[in-house]
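Chemist: starting from these lines, generate the structure:
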Amino acid sequence: MPTETVVSATNFSYRYGDFTAVQGLDLAVARGEVYALLGTNGAGKTTTLEVIEGHRRPTSGSVSVLGGDPTDRRRIRPRVGIMLQESGFAGELSTIESLRLAGRLSGRDDSADELLDTVDLRSKAETRVVQLSGGEKRRLDFAMAIWGAPELVFLDEPTTGLDPTAREALWEVVGDLRDQGTTVILTTHYLEEAQRYADRIGLMHGGVLQREGTLAELVAAEPSHIRFVAPPGADLPLPISSTEHGLVVVTTDDLQGDLTALLAWADRGNHRLDQLSAASSSLDDLFRDLTTGAHS
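Modeler: Now for the predicted structure:
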């Protein structure tokens, strides 16, 4: 069955005067997909989101959201929820008043009481927003964004300031929305969250979408790493790539073969390999490649 594309960009660029913030970006996000847009500081993520959200027009190229122009607020607003890094709450309003106001502005229907239950803020319903903690305000932000189960939700650093329990609860709600067909585009500095919850990941650096795909696709071509404490004076059977925190690091394209050789060598020589670990590349490794210019 064909998959409906909810967000698409073709050769989209954005410039601030002589500075190019986003260059030649092609993007397609499908209905019911959780897409994580990650990158270094200044990579162009914020500008990309602002264009997709309809706050800016691309300097060149084209962007389509829900089948039309993202700047068409009348058509788009009732179908989209946005959770910004910082929201401008009216401090004197209560939690439930703030949520109901956001609901009216969205043009969608929902139950404020049920949504406060969803984000575990029912006990704070009559509390003024100015009296909420940072984490409680963040959960209110999230409730505003998902009011009425919009077709498309933008989550910008959604779990900043949340404790582990609240973070897990938020992602459980995101999973439920996805199962109902909602598309989610998120940015986060918690790479483990993108690794765990995103269906696909885009990595930006220097205004360019450097790499994109599922986690398995992104790490498939990357080397693996074996780490251990080197036995004193031992002549190791594998070349050392680097050291970190007292461990030697062996970078390998043949994890099984090199690990087998290392263990056989240790067994023959009765060498102890303390803190031994072996793993394929992670999203952290890919992100580190961006910052060191490996994919620039």
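Chemist: residue 190: what's it in contact with?
Modeler: Shown here is residue 190, whose contacts under the criterion C-beta atoms under 8 Å, 6 or more residues apart in numbering are residue 159. Every C-beta, even on glycine, is put in place using the N, C-alpha and C of the backbone.
Chemist: how close does it sit to residue 196?
Modeler: Remark: distance between residue 190 and residue 196 (C-beta to C-beta, to the nearest Å) = 9 Å.
Chemist: count of neighbours near residue 179?
Modeler: By the other C-beta atoms under 10 Å criterion, the neighbourhood of residue 179 contains 9 residues.
Chemist: same question, residue 126
Modeler: Number of residues near residue 126 (other C-beta under 10 Å) recorded here: 9.
Chemist: quickly list what the nearest residue to it once chain neighbours are set aside is bridged to.
Modeler: Here the nearest residue to residue 126 in space, its sequence neighbours aside, is residue 94; by C-beta to C-beta, 6 or more residues apart in numbering that works out to 5.1 Å. When bridges are called by DSSP bridges, residue 94 pairs up with residue 128.
Chemist: so what's the residue count around residue 94?
Modeler: Residue 94 is flanked by 17 other residues according to other C-beta under 10 Å.
Chemist: I figured it hits residue 130, correct?
Modeler: No - Residue 94 is beyond contact range of residue 130, at 10.2 Å (criterion: C-beta atoms under 8 Å).
Chemist: can you pull the domain assignment for the chain?
Modeler: Here the chain is described, according to automatic domain parsing, as comprising the domains 5-219, 223-280.
Chemist: make TSV from those domains and add distance to residue 291 to it.
Modeler: Supplementary listing: those in TSV, determined by distance: least, C-beta to C-beta, whole Å:
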stretch	distance to residue 291
domain 5-219	6
domain 223-280	16
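Chemist: which of these sits most buried?
Modeler: Highest mean neighbour count among these (mean count of other C-beta atoms under 10 Å): domain 5-219, with a mean of 18.
Chemist: now do that domain: distance to the chain's middle.
Modeler: 10 Å (C-alpha atoms, centre = their mean, to the nearest Å).
Chemist: quick one, helices of the protein?
Modeler: Taking DSSP state H, the helices of the chain run over residues 45-52, 73-76, 95-106, 112-118, 134-146, 164-179, 191-197, 215-220, 255-269, 283-291.
Chemist: in a markdown table: these, plus distance to residue 185.
Modeler: A markdown table is the format used below for the helices of the chain (distance: least, C-beta to C-beta, whole Å):
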| stretch | distance to residue 185 |
| --- | --- |
| helix 45-52 | 7 |
| helix 73-76 | 14 |
| helix 95-106 | 17 |
| helix 112-118 | 20 |
| helix 134-146 | 12 |
| helix 164-179 | 11 |
| helix 191-197 | 12 |
| helix 215-220 | 17 |
| helix 255-269 | 33 |
| helix 283-291 | 17 |
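Chemist: out of these, which comes closest to residue 242?
Modeler: In this view, the helices of the chain are compared for proximity to residue 242 by C-beta to C-beta, and helix 283-291 is the closest at 11.8 Å.
Chemist: can you measure across stretch 36-51, start residue to end residue?
Modeler: Length of stretch 36-51, first residue to last, C-alpha to C-alpha, to the nearest Å: 16 Å.
Chemist: touching it from outside, list them.
Modeler: Contact with stretch 36-51 is made by 9, 12, 14, 21-23, 25, 56-58, 63, 70, 154, 156, 185-188, 191, 194, 197-198, 200-208, 283, 287, 290-291, as judged by C-beta under 8 Å, 6+ apart.
Chemist: residue 213 contacts residue 201, doesn't it?
Modeler: Yes - using C-beta under 8 Å, residue 213 is in contact with residue 201, at 7.0 Å.
Chemist: redo the domains of the chain as CSV? Include mean pLDDT.
Modeler: Putting the domains of the chain into CSV (pLDDT from 0 to 100) gives the following:
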stretch, mean pLDDT
domain 5-219, 94
domain 223-280, 94
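Chemist: okay, how far is it across stretch 195-203, tip to tip?
Modeler: Taking C-alpha to C-alpha as the measure, stretch 195-203 stretches 12 Å from start to finish.
Chemist: swap in stretch 174-184?
Modeler: Where stretch 174-184 begins and where it ends lie 8 Å apart, using C-alpha to C-alpha.
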